[in-house]
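Asker: I would like to see how this sequence folds:
(chains A and B)
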Amino acid sequence: MLFVPQRFLCLGIRTQLLKTVSSLRSFRFSALATMASKHKNAKRIEGLDSNVWVEFTKVAADPSIVNLGQGLPDISPPSYVKEELAKAAAVDRLNQYTRGFGHPALVKVLSQVYEKICGRKIDPYTDILVTVGGYGSLFSAMQALIEEGDEVIIIEPFYDCYEPMVKMAGAKPVFIPLRDKKAGNSASSADWVLDPTELASKFNSKTKAIILNTPHNPIGKVYTKEELQLIADLCIKHDSLCISDEVYEWLVYTGNKHIKIATLPGMWERTVTIGSAGKTYSVTGWKLGWSIGPQHLIKHLQVVQQNTLYTCSTPLQEALAQAFLIDFKRMDDPDCYFYSLSRELEGKRNRMAQLLQEVGLKPVIPDGGYFMIVDVSALDVDLSDMVEDRPYDYKFVTWMIKSKKLSAIPLTAFCGLETKEQFEKYIRFCFIKQDSTLDAAEMILKKWSKQTA
Amino acid sequence: MSRPVQAQRLEGLDKNVWVEFVKLAATYPTVNLGQGFPDFSPPDFVKEAFVKAVSGENAMLHQYTRVFGHPALVTILARFFGKLLGQDIDPLTNVMVTVGAYEALFCCFQALVDSGDEVIIIEPYFDCYEPMVKMAGGTPVFIPLRPKTPAPGKLMSSGDWQLDPAELASKFTRRTKAIVLNSPNNPLGKVFSKKEMEIIADLCVKHDVLCFSDEVYEWLVYDGKKHIRIASLPGMWDRTITIGSAGKTFSATGWKVGWMFGPDHLVKHLRTVHQNCVYHCPTAAQEAVAQGFQREFEHYGKPESYFVQLPQELQQKRDRLVQSLLAVGMKPIIPEGTYFLIADLSDFKAEVPNLPDCEEPYDSRFIKWMIKNKGLAAIPVSAFYSTAQKRNFDHLIRFCFVKEEATLKAAEDILQQWKLKKTGP
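Answerer: Residues are numbered from 1 along each chain as shown, chains lettered A, B, ... in the order given. Here you go, the predicted model:
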């Protein structure tokens, strides 16, 4: 250090001290920043932490609440399904690893079932992947086929995981809403349609895929052949893929037919079709699903599988295979569970619709699936004292859970930011519930309508 | 499509030793000492718990449970491991259930590793670590365990394979995000000592690096060795994700129930990945595993504890396989833990020609020949090494000994016959 006169020395020291302190502070700050950054999350999950189910299932876990929210059957799965699982668990080797891409017995019967429906040969080993629920298939498809620079078209309202999965894959979601052709007066899920010109405008050279969900959650729309053809034409024109979420494929009601877009000309080679044991057999807690498609696409989903969880549960897959064998044998018989469940649910659908109508509401009657949406604005509930900045339907459901002990899911959970206003007066009810649950819901709704009368 | 249909993140990840060798072992009639799974039953108390869960009155066990882990399971896991670590573990924020330990590993990398991050992997390693790091955009940085010559007259042990502390320290850079620790180690069977763990821990603390600790074989330690949980070392709880597996713990690999625990500020990111990837895990098996842990909690340390009985049983099987291999001239490396054993092919190398220009590693070709010609399956150890090191470790094969007596006897017979054939009449 240079020798300087006293006065300057003092100043110098103070400056020196200030410099030292500030450089210490900046060192500490940058060290802290570095330290903080080491424990920071990877960019791919930025902004993806909130999740409507985690929030609302927590709230509705209270047993005093009549839960028509989450798509959770409280009806029992068929007894032979449960029995097959108990049988499988008793076999030593069925408690150990099976084939990574799908237990042989299961992929074989899946290929048989879907060959019959699709009218084409499906190789159980190359054209099928068994995943952890339909959810796992969606994830595998996105991770396998979608990346940064891609756009993926999502039809609103959409099952909420599509958007975060597209984002986690680094791609850009492009939204297009179903529009109520009755302009706020819809009585049926069939009223909700895509505008063909608007749809065409969403496709461009970056469009890697469109996600299709039919029967549709939450509205219950069952896309017609013409509607599917519209989508197919655009996929072919722009050489885009189609990820077709058909988990509710068996749940279609009178007058409607589920059509697989993969069966349309030119579509098999560009479509991954997703199915779910949970929805097929009312065993959501089994978390088994499958992706079916051409080898040149499925092989990439298989690579994702071998790098994410390697294999799914063996006893569950064996049990599912046995259950499928039972129903495959009676696929031409009305007693087949695929059809009997649908009939059972149609009755519940009708009952749910009636309950809501009696309260003065206008539910949108679904053509498929086990959800029903309803516009609650007619009830004119004053929620202005709920301060938080959330859409009307979120506030409504929170209030309804608290004050009416009835739960549902807000529809804006299924929308992108731009369309929230369009959908915030709707809530979604699930009707795959046993009679006693629907009875309890009826009591609440009747009491409610008396109060508002 | 003009460009490849698949995403770039899959580049180079399509090969998988299990897909290949599991298929082979299933195609030919073999005595299968390859893939790591027991060929005997899980213990009765967990099997019964599973059957009870699926056929009992509570039909809701067939429906979704809590996303981050069935309440009964996360509660007992928190209690059980909290006690072992002397750490307060909250079941809701510090624990998450996954689809096998495999998914827990996947969540670690996806949640916490970004493009440009380095992840240290100790060789030999369970093969999925490398592709998982790459799929997350990270760079794997390898460091080998180096075999020391054992004391004269002693057989080589997995304990003779050690990290060079200076070499390890040199692998930590500004970009190092995490180190993956696997103890007991698959495929070698090494059980890292407290001292060895402290060296790793000190470097983690010094460089503020995370530790993903794969402890799936935590109960399978032999010869009185102790499994140390690195999260219990000073400064480590806040930076460690500890991973466990019901498949290995309860000999039920087909259930695919795993878990991890750690500090909330890290686990919360793994929750985000999990809720965007599989969302729920199957319910009934979680209920059964919870019952299993409850029973073990009550019997902890007692002779009737499965966690006491299984390693005792496996130690005997280990010793038996060691003898079988020694008798025929394959040189085993005695594992201190896990249910794997590596053997040097030594004299048996004459059976399969060395082809220096062949891309496929020697041990892989050897095993394929062995499966087809001798009806005995194992796994090539080169599969557990990075590309750079595969050639240096291609004369070793891995045997799995968590097999019933009949299987081990059958393997012994094959080896004996083989030796006779080699030495001639």
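Asker: tell me the contacts of B:G86?
Answerer: Counting by CB atoms under 8 Å, 6 or more residues apart in numbering or on different chains, B:G86 makes contact with B:S232. (Each C-beta comes from the backbone N, C-alpha and C, glycine too.)
Asker: what's the answer for the one 3 residues further on, then?
Answerer: Taking CB under 8 Å, 6+ apart as the contact definition, B:I89 lies against B:L77, B:A78, B:R79, B:F81, B:G82, B:V95, B:F261.
Asker: Give the burial count for the first one, as a bare number.
Answerer: One way to gauge burial is a neighbour count; for B:L77, by other CB atoms under 10 Å in any protein chain shown, it gives 26.
Asker: Return the residues of the stretch 201-350 of chain A in contact with chain B.
Answerer: A:239, A:241, A:282-288, A:296-297, A:299-300, A:303-304, A:306-316 (CB under 8 Å from any CB of the partner chain).
Asker: Got a ChimeraX select line for the buried ones in these?
Answerer: Here is the ChimeraX selection string for the buried members of those, based on 16 or more other CB atoms under 10 Å in any protein chain shown:
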select /A:241,282,283,284,285,286,287,288,297,299,300,303,304,306,307,308,309,310,311,312,313,314,315,316
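Asker: Take the residues of the stretch 201-350 of chain A next to chain B and keep only those in helices.
Answerer: Of these, the ones assigned to helices by DSSP state H are A:H296, A:L297, A:K299, A:H300, A:V303, A:V304, A:Q306, A:T314, A:P315, A:L316.
Asker: Can you verify my assumption that the second one contacts A:V272?
Answerer: This points to A:L297. Yes. If you go by CB atoms under 8 Å, A:L297 and A:V272 touch, sitting 5.7 Å apart.
Asker: so where's the stretch 51-200 of chain A shaky on pLDDT?
Answerer: A:59-60 (pLDDT under 70).
Asker: Where do the strands of it begin and end?
Answerer: For the stretch 51-200 of chain A, the strands defined by DSSP state E, counting those that start in this stretch cover A:66-67, A:128-131, A:151-156, A:172-177, A:179-180, A:192-193.
Asker: now do the stretch 301-425 of chain B
Answerer: Going by DSSP E, counting those that start in this stretch, the stretch 301-425 of chain B shows strands at B:331-333, B:340-344, B:376-377, B:379-380, B:396-400.
Asker: Tell me which of these sits nearest to chain A.
Answerer: strand B:396-400 (11.6 Å; CB to the nearest CB).
Asker: how about the closest one, does it reach chain A?
Answerer: No. For a cut-off given as CB under 8 Å from any CB, strand B:396-400 has no contacts with chain A; the smallest distance is 11.6 Å.
Asker: before we move on, back to that, export the strands of the stretch 51-200 of chain A as CSV, with columns for distance to chain B and mean neighbour count.
Answerer: Shown next, in CSV, are these (distance: least, CB to the nearest CB, whole Å; neighbours: other CB atoms under 10 Å in any protein chain shown):
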stretch, distance to chain B, mean neighbour count
strand A:66-67, 11, 24
strand A:128-131, 8, 28
strand A:151-156, 12, 24
strand A:172-177, 13, 18
strand A:179-180, 28, 17
strand A:192-193, 26, 18
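Asker: Just send those strands back as a markdown table, with distance to B:P131 too.
Answerer: Shown next, in a markdown table, are the strands of the stretch 51-200 of chain A (distance: least, CB to CB, whole Å):
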| stretch | distance to B:P131 |
| --- | --- |
| strand A:66-67 | 41 |
| strand A:128-131 | 17 |
| strand A:151-156 | 24 |
| strand A:172-177 | 26 |
| strand A:179-180 | 44 |
| strand A:192-193 | 43 |
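Asker: Show me the two of the ones in helices among the residues of the stretch 201-350 of chain A next to chain B that sit farthest apart.
Answerer: Largest separation among these by CB to CB: A:H296 and A:P315, giving 31.8 Å.
Asker: where does the stretch 1-150 of chain B have low pLDDT?
Answerer: Judged by pLDDT under 70, the stretches of the stretch 1-150 of chain B that qualify are B:1-2.
Asker: If we use 90, what do you get?
Answerer: The stretch 1-150 of chain B contains residues with pLDDT under 90 at B:1-4, B:15-16, B:18-20, B:22-23, B:25-26, B:56-57, B:59.
Asker: ditto for the stretch 301-450 of chain A
Answerer: Low-confidence segments of the stretch 301-450 of chain A, defined by pLDDT under 90: A:358-362, A:377-390, A:416-418, A:420-422, A:446, A:448-450.
Asker: Quick check: chain neighbours aside, which residue is closest to the residue of it found nearest chain B?
Answerer: In the stretch 301-450 of chain A, no residue comes nearer to chain B than A:T314, which is 3.2 Å away by CB to the nearest CB. When the adjacent residues along the chain are set aside, A:T314 lies closest to B:G254, with 3.2 Å between them (CB to CB, 6 or more residues apart in numbering or on different chains).
Asker: Let me see the contact set for that neighbour.
Answerer: B:G254 neighbours (CB under 8 Å, 6+ apart): A:L94, A:N95, A:Q96, A:Y97, A:T98, A:S313, A:T314, A:P315, B:F37, B:G247.
Asker: For the stretch 151-300 of chain B, what lies in contact range of chain A?
Answerer: Near chain A, when you scan the stretch 151-300 of chain B using CB under 8 Å from any CB, you find B:177, B:208-210, B:239, B:247, B:251-256, B:265-266, B:268-269, B:271-273, B:275-285.
Asker: how does chain A divide into domains?
Answerer: As assigned by the TED database, chain A contains the domains A:50-75+A:336-450, A:79-330.
Asker: Quick one: closest of the strands of the stretch 301-425 of chain B to B:P144.
Answerer: Of all the strands of the stretch 301-425 of chain B, strand B:396-400 comes closest under CB to CB, at 12.8 Å.
Asker: Which elements pack onto that closest one?
Answerer: Packing partners of strand B:396-400 (3 or more CB pairs under 8 Å, 6 or more residues apart in numbering or on different chains; DSSP states H and E): strand B:340-344, helix B:362-374, strand B:379-380.
Asker: hang on, the earlier thing: find the pair from the contacts of B:I89 with maximum spatial separation.
Answerer: Spatial extent of the contacts of B:I89 (CB to CB) is set by the pair B:R79 and B:F261 at 11.5 Å.
Asker: ok, the two, which is more surrounded?
Answerer: B:F261 (27 against 15).
Asker: show me the contacts for the more buried one.
Answerer: With CB under 8 Å, 6+ apart, B:F261 has these contacts: B:L77, B:A78, B:F81, B:I89, B:N94, B:V95, B:M96, B:A231, B:I241, B:T242, B:V267.
Asker: Look up how far chain B lies from the closest residue to A:S205 other than its chain neighbours.
Answerer: Leaving aside its chain neighbours, A:S205 sits nearest to A:H238 (7.2 Å; criterion: CB to CB, 6+ apart). To chain B, A:H238 is 11 Å away according to CB to the nearest CB, to the nearest Å.
Asker: Now do the contacts for A:H238.
Answerer: A:F203, A:N204, A:S205, A:T207.
Asker: just to revisit the earlier point, and the strands of the stretch 51-200 of chain A: which comes nearest B:F109?
Answerer: For the strands of the stretch 51-200 of chain A, distance to B:F109 was read as CB to CB. The smallest value, 19.2 Å, belongs to strand A:128-131.
Asker: Name every strand pairing with that closest one and say which way it goes.
Answerer: strand A:289-292 (antiparallel) (DSSP bridges).
Asker: So which bits of the partner strand are buried?
Answerer: Buried positions in strand A:289-292, judged by neighbour count with 16+ other CB under 10 Å: A:G289, A:W290, A:S291, A:I292.
Asker: Tell me which residues are up against that strand.
Answerer: By CB under 8 Å, 6+ apart, the list of residues contacting strand A:289-292 reads A:102, A:110, A:114, A:122, A:127-137, A:140-141, A:247, A:262, A:272-278, A:298, A:301.
Asker: Buried among those? Make that a ChimeraX selection.
Answerer: Buried residues among the contacts of strand A:289-292 (16+ other CB under 10 Å), as a ChimeraX selection:
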select /A:102,110,114,122,127,128,129,130,131,132,133,134,135,136,137,140,141,247,262,272,273,274,275,276,277,278,298,301
